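>>> Okay, structure incoming, though there's no sequence with it:
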């Protein structure tokens, strides 16, 4: 069983829709959770950073963490074609990355249709 | 504010050669990490440096090494290149809450 599971997609939705992206994980030591967006031929860009369980909102993005279910989500409201990218979840047991660095999901390829 | 800068952007090397990649972190960031990204394995942690010391290391062979200088700039070296080392190598810097990544160096081994 992989440490972090993420549906690779592609996930195709119409412009303006609410997008839900998810990851499950198995390591209960993870406490820091991140979402990154990666455009083709670019490095990952940090979108959201959360600690432990709960919700965090930033503009059109909302991150949710449910540690009891080992499940994290990223919601994108009013999706735009420019949101088309690969979304990666990442997590660690330490704010500084920890002994094993960040553990990433494989990424979900999101396509927003105009 | 300048981001994380990686050079070169693209490299083509022959099997058996060695390669050095460079990373300049965001000013003030003392932690620098390196990751390998491939379509099959995704992003995998190579190592992390903090104040010129390797703090953590991932599960990669000894052919992969790195160092950090007093100005926080970092280099990673891969010796005796193999075809399977073809990947996007990403550097990331941090000041404690999440990592900022560079655009990466795409290494192709032929």
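Structure received. Computed from a predicted model, the values in this text were never measured in an experiment.

>>> what residues does chain A put near chain B?
Residues of chain A lying close to chain B by CB under 8 Å from any CB of the partner chain are A:34, A:36, A:41-46, A:49, A:88, A:90, A:95-107. Every residue, glycine included, has its C-beta placed from N, CA and C.

>>> Just the buried residues of the residues you listed.
A:34, A:36, A:43-44, A:46, A:49, A:88, A:90, A:96-98, A:100-107 (16 or more other CB atoms under 10 Å in any protein chain shown).

>>> Now intersect these with the helices, please.
Of these, none are assigned to helices by DSSP state H.

>>> residues in contact with whichever residue of chain A sits closest to chain B?
Residue of chain A nearest chain B, by CB to the nearest CB: residue A:101 (3.0 Å). By CB atoms under 8 Å, 6 or more residues apart in numbering or on different chains, the contact set of residue A:101 is A:92, B:33, B:35, B:45, B:46, B:48, B:56, B:58.

>>> contact partners of the helix or strand of chain B with the lowest mean pLDDT?
With mean pLDDT, DSSP states H and E as the measure, the helix or strand of chain B carrying the lowest mean pLDDT is strand B:53-57 (a mean of 92). Contact with strand B:53-57 is made by A:96-101, B:31, B:45-49, B:66, B:68, as judged by CB under 8 Å, 6+ apart.

>>> Any idea how far apart the tips of stretch B:76-89 sit?
End-to-end distance of stretch B:76-89: 9 Å, with CA to CA, to the nearest Å as the criterion.

>>> Show residues contacting it.
Stretch B:76-89 has contacts (CB under 8 Å, 6+ apart) with B:6, B:13-21, B:23, B:34-38, B:46-47, B:63-66, B:91, B:104-110.

>>> Near residue 79, how many other residues are there?
Defaulting to chain A. A count of neighbours around residue A:79, defined by other CB atoms under 10 Å in any protein chain shown, yields 20.

>>> Oops, wrong one, chain B.
Close neighbours of residue B:79, defined as other CB under 10 Å, add up to 14.
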